[in-house]
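Novice: model this:
(one chain, ligands or ions: 1)
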Amino acid sequence: MHLDCQKFDSSTLKKWFLSEKRDLPWRETRDPYAIWVSEIMLQQTQVSVVIPYFERWMQAFPTIESLALSSLDKVIKMWEGLGYYSRARNLHEGAKFVLLEFDGKLPDSEFELQKIKGIGPYTVGAIMSFAFHKRKAAVDGNVIRVLARLFYVQDDIAKPKTVQTIREIAEAILPEDESWIVTEALIELGATVCTKKPKCMSCPLKASCKAFLRGEADVLPFKSTKITIESLFRNVAVVIAENRLLVRRCKADEIMSDLYEFPFIEAKSLTDDQTLELSQFLKLPLIKIRDLGEVNHSFTRFRVKLNAALFTAEKRKQVKDYEWLSMDELEQCAFSSGHRRLFHQVKILILDKFVIDLV
Ligand code: SF4
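Specialist: Next up, the predicted model:
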């Protein structure tokens, strides 16, 4: 292993990266805070999706202090649509902690960075390397894939021991000079060339890649656990009365915590008319205006089909756990993604004056 690491051709990788790297806004800065934000956004999310969010975020919260002093509602609103909202909550919590403990500046110490909420080993590595130019690897899923193939690691990457082995390889192959370029180059290679279906013929490291030389590039790495995808069906009532819509802010212990959703009931499959069941569920007699059709969205391991209809109610009665909000108020709320699309549909209907006489 150590012999292989010593032979690693970091200069070829570095040259390739410097000529092929994508221009990304967070690569134009060494601001540790901007790098922290970008790395958190990039977890589970594609680069092209992250770019506009990152730019908007840095305008809204240009410093750790401005983020720390913002309301959680504003933070969640800025994150709306990116998913995995615990990332936004942790950034907010982390910023408050950094303001209090480190005078608003991210520390250049692994030990201190680990104390900040939401900053795990990968993000520590990224901040130490890209912002502070320390000799530190940042091992994410991309880097695990690249190194498992390059060094022919056949063990199960679902096991912490295998990940630890790969982390050790990653640290060992970094050069003394400009190590941060190689750290980033490994990530870039995994994101653009050594992808799930590797493009080995375009790879700068193919001459020394063990998996490629054995013809096994596309079978590595081995991962034993597969996430089981679960399907959910939900019948949704978008209820409008006296120009206000009925919504609920999800509680802190729910997956969609702090996001707004319209009332819904779970179903075994999508059914045509749920007026009676939804009326009983809300203890509010509903009158159906029209179907809103089917909206698909997904979160974590769930694929959700929303079957929605627009209703009105004779009276704007109090419904436990729900509130009636105006369109202006709803514009300021962060919705979960499927419910955000339903809200847009209703807005268009209202603008088209389709429902105005009915409510
Ligand atoms: S040769 Fe293929 S498998 Fe090996 S590092 Fe390059 S892209 Fe990945």
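
Novice: all strands in the stretch 251-359 of the chain, in order from the N-terminus.
Specialist: 260-261, 264-267, 286-299, 302-313, 323-326 (DSSP state E, counting those that start in this stretch).

Novice: tabulate those in JSON lines, adding columns for mean pLDDT.
Specialist: Listed next are these as JSON lines, based on pLDDT from 0 to 100:
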{"stretch": "strand 260-261", "mean pLDDT": "96"}
{"stretch": "strand 264-267", "mean pLDDT": "90"}
{"stretch": "strand 286-299", "mean pLDDT": "88"}
{"stretch": "strand 302-313", "mean pLDDT": "91"}
{"stretch": "strand 323-326", "mean pLDDT": "95"}
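
Novice: so for residue 270, what's the pLDDT?
Specialist: pLDDT for residue 270: 61.

Novice: now swap in residue 340 and tell me
Specialist: pLDDT, residue 340: 93.

Novice: what sits against whichever residue of the stretch 251-359 of the chain sits closest to the ligand?
Specialist: Nearest residue of the stretch 251-359 of the chain to the ligand: residue 301, at 27.6 Å (CB to the nearest ligand atom). For the C-beta atoms, the positions are set from N, CA and C on the backbone; glycine is no exception. By CB atoms under 8 Å, 6 or more residues apart in numbering, the residues touching residue 301 are 227, 228, 229, 230.

Novice: what subset of those is buried?
Specialist: Among the contacts of residue 301, none scores as buried (criterion: 16 or more other CB atoms under 10 Å).

Novice: need these in CSV (columns: secondary structure and distance to the ligand).
Specialist: Conversion of the contacts of residue 301 to CSV gives the following (DSSP: H, G, I helix; E, B strand; the rest coil; distance: CB to the nearest ligand atom, whole Å):
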residue, secondary structure, distance to the ligand
227, coil, 23
228, coil, 28
229, coil, 27
230, strand, 32
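
Novice: just give me the closest of those residues to residue 254.
Specialist: Among those, residue 230 lies closest to residue 254 (CB to CB), at 16.3 Å.

Novice: my read: that closest one touches residue 303, true?
Specialist: Yes - using CB atoms under 8 Å, residue 230 is in contact with residue 303, at 7.3 Å.

Novice: what's the nearest residue to residue 259 once chain neighbours are set aside sitting at in phi/psi?
Specialist: Among residues not flanking residue 259 along the chain, residue 336 sits closest, at 4.6 Å (CB to CB, 6 or more residues apart in numbering). Note on residue 336: backbone dihedrals following degrees, to the nearest 10 are phi -70, psi 160.

Novice: which residues sit in contact with residue 336?
Specialist: Per CB under 8 Å, 6+ apart, neighbours of residue 336: 250, 256, 259, 260, 261, 297, 299.

Novice: for the residues you listed, give me CSV that also has distance to the ligand and neighbour count.
Specialist: Formatted as CSV, the contacts of residue 336 follow (distance: CB to the nearest ligand atom, whole Å; neighbours: other CB atoms under 10 Å):
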residue, distance to the ligand, neighbour count
250, 41, 16
256, 37, 18
259, 38, 22
260, 43, 23
261, 42, 22
297, 33, 17
299, 31, 16
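
Novice: near the ligand, which residues of this protein?
Specialist: 146, 149-150, 193-194, 198, 200, 203, 205-206, 209, 211-212, 217 (CB under 6 Å from any ligand atom).

Novice: pull out the buried residues from those.
Specialist: 146, 149-150, 193-194, 198, 200, 203, 205-206, 209, 211-212, 217.

Novice: and those, which of them are in helices?
Specialist: Members of these lying in helices (criterion: DSSP state H): 146, 149, 150, 211, 212.

Novice: spatially, what comes nearest to the second one if we skip its sequence neighbours?
Specialist: What it means is residue 149. Per CB to CB, 6+ apart, closest to residue 149 is residue 211, 3.8 Å.

Novice: got the contact list for the one you found?
Specialist: Residues in contact with residue 211 (CB under 8 Å, 6+ apart) are 148, 149, 150, 152, 217, 219, 220.

Novice: so the fifth one makes contact with residue 150?
Specialist: No - when contacts are counted by CB under 8 Å, residue 217 is not listed as touching residue 150 (9.8 Å).

Novice: identify the contacts common to these two.
Specialist: 209, 211.

Novice: what about residue 244, how many neighbours?
Specialist: 17 (other CB atoms under 10 Å).

Novice: the closest residue to it other than its chain neighbours pairs with what?
Specialist: Among residues not flanking residue 244 along the chain, residue 324 sits closest, at 4.0 Å (CB to CB, 6+ apart). Residue 324 has these beta-bridge partners by DSSP bridges: residue 246.

Novice: what's the burial count for residue 324?
Specialist: Residue 324: 19 neighbours (other CB under 10 Å).

Novice: good, we can wrap up now.
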